[in-house]
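[1] Pasting the sequence and the predicted coordinates here, then a few questions.
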Amino acid sequence: MTRTPIAGYALLSDRHSAALVGTGGSVDWLCLPRFDSPSLFAAMLDERAGSWSIRPAGPYAVTRRYLPQTMVLETTFETATGVLVLTDALLVGEDPDVHRLGADAPHVLARCATCTRGSVELEARCVPRPEYGLVMPLLTAVPGGVRARGGPDQVALSTPIPYSVMAEEAAGAATLEEGTTLRFALHWSMASEPPPDLWDDQRIAAGMETTVARWREWSRAHQAYEGPYRELVAHSGRVLYALSYQPTGAVVAAPTTSLPEAPGGERNWDYRYSWVRDASFTMNALWVAACPDEADQFLACMTTAAATYEPARALQIVFGVGCEHDLSERELPHLSGWRGSRPVRVGNDAWRQQQVDVYGELLDAVHCVSSQLGDFDQPVRAFLTALADAAIAQWREPDHGIWEIRGERRHYLHSKAMCWVAVDRAIRLAGRLGARHRVGEWRAAAEEIRDTILREGWSRKAGAYTQAFGSADLDASVLMLPIIGLVPADHPRMLATIDAVAERLVDEHGLVYRYLMDDGLPGDEGAFLLCTFWLAQAQALAGRHEEARAVFERAGTYINDVGLMAEEVCPRTGEFLGNFPQAFSHIGLINAAWALSQTEHGGRFEPACR
């Protein structure tokens, strides 16, 4: 089984797909041509499922960073005889439009190894395994590299050093002297397409140079946040953008599947899809970290994905990155899982769940980016109006809630609150929706929903707003009440709720759990970084700036050496858990930083996109 910790990985993205590279220079995860495609390398889930490593032959010490303002990774290996610098990127292509980064990505993973001091013995090993490790492809040595074909994939590995081809792998070695650079590339195509290219040294160098330049051009054009934790916010914005699928504007929750919520446990899910909730939160966060000039693409993606939506029927909560609806879940029994965490799953049956909070999240995102959008056409106006009407029709119904609990439906407070958001934002958008005549009706509905939440959501026993009507169980999602504007953060009941979460819903490190009640699933889970940032944000809105900053910085210590965050943190060991990197965690960081920036000197909080 793989023993690389989740925190040991770094993300590469061309805004079509993603690779994860370990500290030892091994690409242990790569799906092509999309985030949710079957993997070519999946050693992070099973050592037999494929990888591509380039590293010194002997012992070494490692430091890593992203090149400034990019998602291009630089790993420095220091050995007894010299220093090797490895630069890795998924090439984004030539398109110069800063709003179309990755539009013509060639599906090439490029790797450049440079000896910067002394000499270094380098070893390289490539083990392609298409279809999540099921396929052992045919490998053939050719001038300039190695070709592999098998199953639905074919790849061309371009290499400046000879590779020995064996039944299962291709491997090579070389001695690099100071000033020497070796450039490698792996080009993918479908088996039904023309064979992928072997790239020469000059072409690889040019592709890498262009990729660095394009990321920096995007950062300069989009990122202007000047508040506290500026570098963390800017980098988190790039991470979120790297998790977006360029052809449609969809945003994946994470680029991986089945990284567990507890080592060896069963809570292993596929996050390589676009949840309406996550994508909507991402658009709000990008407003702070990177002005979302691509907002129209996001709206087009969501309306296209939900094109079959009917007001009487629940809106689907998650789609494929290409707007697919059917994400049926299945298990891959041939994979042992990260540290033996089984089953490994692909697909996600959350697409079958009803979660009424998505109406509010989608309308809130549209309201957030509305100044970036042109006039809505009639189908879009009808769609957005129908979301508000659906929230009014369904807010009284139980659902599965924000955490997608796989049990009986309940009257979750967060779901009711987001139905209120749906109606409230529809009122604010009424002029653009051609629905001013509906405002009176909508306002009455919003008041009814809000009054019910404030009455039924408060638990005298818990002394706080709680997870569901009639329940005394705390839930971190109630921290959203002041964030969405439903309850003032300094209201006595909200202050009591903030205190209850801070005192009773945290681990020994002060990180916040989602909830502590039995959810019907076996095994445990870690504390959630998103929820910890929610606590910081709510405290900031309540005027408790010192407490908020302390909580923010506590969560901020759980960022790896290249600025990436997982979904959860193990309460016992402090190690990363869950799919990685997690969009939600970076969203939480950005929004909490914005709240701190607004309230730092006693100022009034104003959402970035209002």
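    Sure, I can see it.
[2] Do a quick rundown of the helices in the stretch 351-500 of the chain.
    Using DSSP state H, counting those that start in this stretch, the helices assigned to the stretch 351-500 of the chain run over residues 357-368, 378-394, 413-428, 430-433, 439-456, 480-483, 492-504.
[3] Quick check: Arg216 is in a strand.
    No. According to DSSP: H, G, I helix; E, B strand; the rest coil, Arg216 belongs to no strand; its state is helix.
[4] returning to what we had before: closest to Arg3 out of the helices of the stretch 351-500 of the chain?
    Arg3 lies closest to helix 492-504 among the helices of the stretch 351-500 of the chain, at 34.9 Å (CB to CB). Backbone N, C-alpha and C define where each C-beta goes, glycine included.
[5] Check what contacts the helix or strand just after the closest one and list those residues.
    Following helix 492-504 in sequence order, the next helix or strand is strand 527-528 (DSSP states H and E). Residues from elsewhere that reach strand 527-528 (CB atoms under 8 Å, 6 or more residues apart in numbering): Ala476, Val506, Asp507, His509, Leu511, Val512, Tyr513, Arg514, Glu567, Glu568, Val569, Pro571.
[6] So which of these is the closest to Leu182?
    Once CB to CB is applied, the member of these that ends up nearest Leu182 is Glu567, at 36.3 Å.
[7] My read is that the closest one contacts His586, right?
    No. At 10.7 Å, Glu567 does not count as touching His586 under the criterion of CB atoms under 8 Å.
[8] For this structure, which helix or strand comes out least confident on mean pLDDT?
    helix 295-305 (a mean of 72; mean pLDDT, DSSP states H and E).
[9] buried ones in that one?
    Ala295, Gln297, Phe298, Leu299, Ala300, Cys301, Met302, Thr303, Ala305 (16 or more other CB atoms under 10 Å).
[10] Check the offset of it from the chain's centre.
    With CA atoms, centre = their mean, to the nearest Å as the basis, helix 295-305 stands 18 Å off its chain's centre.
[11] That one - contacts with which helices or strands?
    strand 250-251, helix 276-289, helix 357-368, helix 378-394 (3 or more CB pairs under 8 Å, 6 or more residues apart in numbering; DSSP states H and E).
[12] Tabulate these (TSV), appending mean neighbour count and distance to Gln316.
    Output for the helices and strands packed on helix 295-305, formatted as TSV (neighbours: other CB atoms under 10 Å; distance: least, CB to CB, whole Å):
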stretch	mean neighbour count	distance to Gln316
strand 250-251	28	13
helix 276-289	26	8
helix 357-368	27	8
helix 378-394	20	12
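[13] more crowded one of Glu567 and His586?
    Counted by other CB atoms under 10 Å, Glu567 and His586 do not tie: His586 has more neighbours, with 29 against 26.
[14] What is the three-state secondary structure of the more buried one?
    Applying three-state DSSP: His586 is helix.
[15] Equivalent analysis for Glu261, please.
    coil.
[16] hang on, it packs against Phe580?
    No. Assessed by CB under 8 Å, Glu261 is found out of contact with Phe580, at 11.9 Å.
[17] Quick check: neighbours shared by these two?
    By CB under 8 Å, 6+ apart, Glu261 and Phe580 have these common neighbours: Glu567.
[18] More neighbours: which of the two?
    Remark: of Glu261 and Phe580, Phe580 carries more neighbours, 26 against 22, as counted by other CB under 10 Å.
[19] Isn't that one up against Tyr9?
    Yes. Applying CB under 8 Å, one finds Phe580 in contact with Tyr9, separated by 6.4 Å.
[20] Find residues that contact each of those two.
    Each of Leu20, Leu564 lies in contact with both Phe580 and Tyr9 under the rule CB under 8 Å, 6+ apart.
[21] show me the contacts for the residue nearest the centre of the chain.
    Nearest residue to the geometric centre of the chain (CA atoms, centre = their mean): Ala583, 2.8 Å. By CB under 8 Å, 6+ apart, Ala583 lies in contact with Val239, Leu240, Leu243, Val251, Val252, Ala253, Ala254, Asp278, Phe281, Thr282.
[22] All good on my end, thank you.
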